[in-house]
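Trainee: Predicted model follows, preceded by the sequence.
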Amino acid sequence: MAFLHEGRLQGIGTPDEILTRFADVFNPPGIDRKTVNDATPTGATSNVIEVKNLVKAFGAFHAVDDISFSVKKGEIFGFLGANGAGKTTAMHMLTGLNQPTSGTGTVAGYDISTQHELIKRHIGYMSQRFSLYEDLTVAENIRLFGGIYGMSDDDIARKTEQLLERLQFSEHRNDLVGSLPLGWKQKLAFSVSIFHEPDIVFLDEPTGGVDPATRRQFWELIYDAAQRGITVFVTTHYMDEAEYCDRISIMVDGKISAMGTPDELKRRYNQPDMDHVFTHLARQATRSSD
C-alpha cells in the first residue's frame, strides 16, 4: 500500500510497515479521560437533561421505547446504538425537532413537549454532515451564526478573534470554508456550534471521515468545552471515542440496554474494550437496521 499525507507520497510498503512507520498519524496517543466535575452551585440542579419513560411511536412501531436517563452539567455523555436502535429519534426529541408520544423530559430546564423553541435557543448542534456554508468565508460563517444566536456585534467581534487564534485559523479568516480540509471544517463547525456558550451541545457523529490525528484534536476541543461547563451529548460509531466519554448509554431496539462509565461497562460485561461491549449488546437486537 501507498501512504499519501498532505499532498505527498510518504511511503510504500506492507500494511504493517506503513502502520508502524507512521504510527503517529494512524494511531496517535490516547487522551487522558477527564471526569465530570460534580461541584454544583447552591440551589442549582446538576442535571441539564432529565428524561423519564420517553416514547416515540410511529403507529405500532416504537422507535424509542420507554427510556429514562439524566445527564449532568459539564458531562461528556456518549449516546450509542447501531443503525435503527432509536438514538437519532431520541436526539431529535431532545433538540426540539420532534415531540414525544409519551413520557417527559427537560433540556436546559425546558420541557421537550411544550418548550422546544426555547430549547433550540439554549443548545448547540453539529450534524454528521458539515453544517456551515461553504460559499462563505471562515469569518463570515462565524459572524452569521453569532447573529443567529442573538449575540451582540461587539461580542461576535471579540470572540471571533479568540476563536481564530485558538484554532490557529487567523491567517485563514478570509478563506472560503469550502476550500478547507475536512478536519479543519469539522473543528470550525464544532467551535461555531458552541460560539454562544450553550448549556449543552449535541454532536451527531461529528468525526465521521476524519483521520485519527484530527479526531484526537477534535476531542481535545470537546474536553475544553466540558471544562468550561458545556455539557456534550455525542453519538459516534468509533468505539475508541466512547472510551473518552464520562458515561455511556447503549440503545438496542429502542431501549437503553446499558449505561455507565466505560470502565463499569467493560467490567459488567467482562469485555476488554468498548468495541467488544458494543458488539456484545448490539448482537441482541431483533429488529432490522435503517
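Mentor: Yep, that arrived.
Trainee: what lines up beside the helix or strand encompassing residue 67 in the sheet?
Mentor: Per DSSP states H and E: residue 67 is located in strand 61-72. Here strand 61-72 is paired, per DSSP bridges, with strand 47-58 (antiparallel).
Trainee: if we can go back for a sec, with just CA atoms, put the strand holding residue 67 into PDB.
Mentor: Taking Å, rounded to 0.1, in the frame of the first residue of the first chain, the C-alpha atoms of strand 61-72 are listed here in PDB:
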ATOM      1  CA  PHE A  61     -43.700   0.800  15.900                       C
ATOM      2  CA  HIS A  62     -41.900   2.300  18.900                       C
ATOM      3  CA  ALA A  63     -38.700   3.900  17.600                       C
ATOM      4  CA  VAL A  64     -37.900   5.000  21.200                       C
ATOM      5  CA  ASP A  65     -39.500   2.600  23.700                       C
ATOM      6  CA  ASP A  66     -39.700   3.900  27.300                       C
ATOM      7  CA  ILE A  67     -36.200   5.300  28.100                       C
ATOM      8  CA  SER A  68     -35.100   7.200  31.200                       C
ATOM      9  CA  PHE A  69     -31.800   8.900  31.900                       C
ATOM     10  CA  SER A  70     -30.200  12.100  33.100                       C
ATOM     11  CA  VAL A  71     -27.000  14.000  32.100                       C
ATOM     12  CA  LYS A  72     -25.000  16.200  34.400                       C
END
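Trainee: got the buried residues for that strand?
Mentor: Using 16 or more other Cβ atoms under 10 Å as the test for burial, strand 61-72 gives 62, 63, 64, 65, 67, 69, 70, 71, 72. (Glycine included, C-beta is placed from N, CA and C.)
Trainee: How about stretch 170-189?
Mentor: 172, 177, 180, 183, 184, 185, 186, 187, 188, 189.
Trainee: so who does the fifth one touch?
Mentor: Meaning residue 184. 169, 172 (Cβ atoms under 8 Å, 6 or more residues apart in numbering).
Trainee: Distance from the helix or strand where it lies to the middle of the chain?
Mentor: Per DSSP H and E: residue 184 is located in helix 182-193. How far helix 182-193 lies from its chain's middle: 12 Å, per Cα atoms, centre = their mean, to the nearest Å.
Trainee: quick one: average pLDDT of the helix or strand following it?
Mentor: Using DSSP H and E, the helix or strand that follows helix 182-193 towards the C-terminus is strand 200-204. Computed over strand 200-204, the mean pLDDT rounds to 94.
Trainee: Next, the angle from strand 200-204 to strand 61-72.
Mentor: On the basis of axes from the mean of the first three to the mean of the last three Cα atoms, to 10 degrees, strand 200-204 is oriented at 140 degrees to strand 61-72.
Trainee: Sketch out the low-pLDDT regions of this protein for me.
Mentor: Applying pLDDT under 70 to the chain flags residues 30-45, 129-130, 288-290.
Trainee: mind listing the helices in it by residue range?
Mentor: Under the criterion DSSP state H, helices of the chain are mapped to 15-21, 23-26, 87-94, 116-121, 138-148, 153-167, 182-193, 212-227, 239-242, 262-268, 274-282.
Trainee: As JSON lines, those with distance to residue 255 would be great.
Mentor: JSON lines is the format used below for the helices of the chain (distance: least, Cβ to Cβ, whole Å):
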{"stretch": "helix 15-21", "distance to residue 255": "38"}
{"stretch": "helix 23-26", "distance to residue 255": "36"}
{"stretch": "helix 87-94", "distance to residue 255": "11"}
{"stretch": "helix 116-121", "distance to residue 255": "24"}
{"stretch": "helix 138-148", "distance to residue 255": "36"}
{"stretch": "helix 153-167", "distance to residue 255": "39"}
{"stretch": "helix 182-193", "distance to residue 255": "29"}
{"stretch": "helix 212-227", "distance to residue 255": "27"}
{"stretch": "helix 239-242", "distance to residue 255": "19"}
{"stretch": "helix 262-268", "distance to residue 255": "16"}
{"stretch": "helix 274-282", "distance to residue 255": "11"}
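Trainee: quick one: which of the ones you listed is nearest residue 6?
Mentor: helix 23-26 (10.0 Å; Cβ to Cβ).
Trainee: what are the bridge partners for the closest residue to residue 90 other than its chain neighbours, then?
Mentor: Computed as Cβ to Cβ, 6 or more residues apart in numbering, the closest residue to residue 90 that is not its neighbour in sequence is residue 64, at 5.0 Å. Counting by DSSP bridges, residue 64 forms beta bridges with residue 56.
Trainee: Many thanks, I have nothing further to ask.
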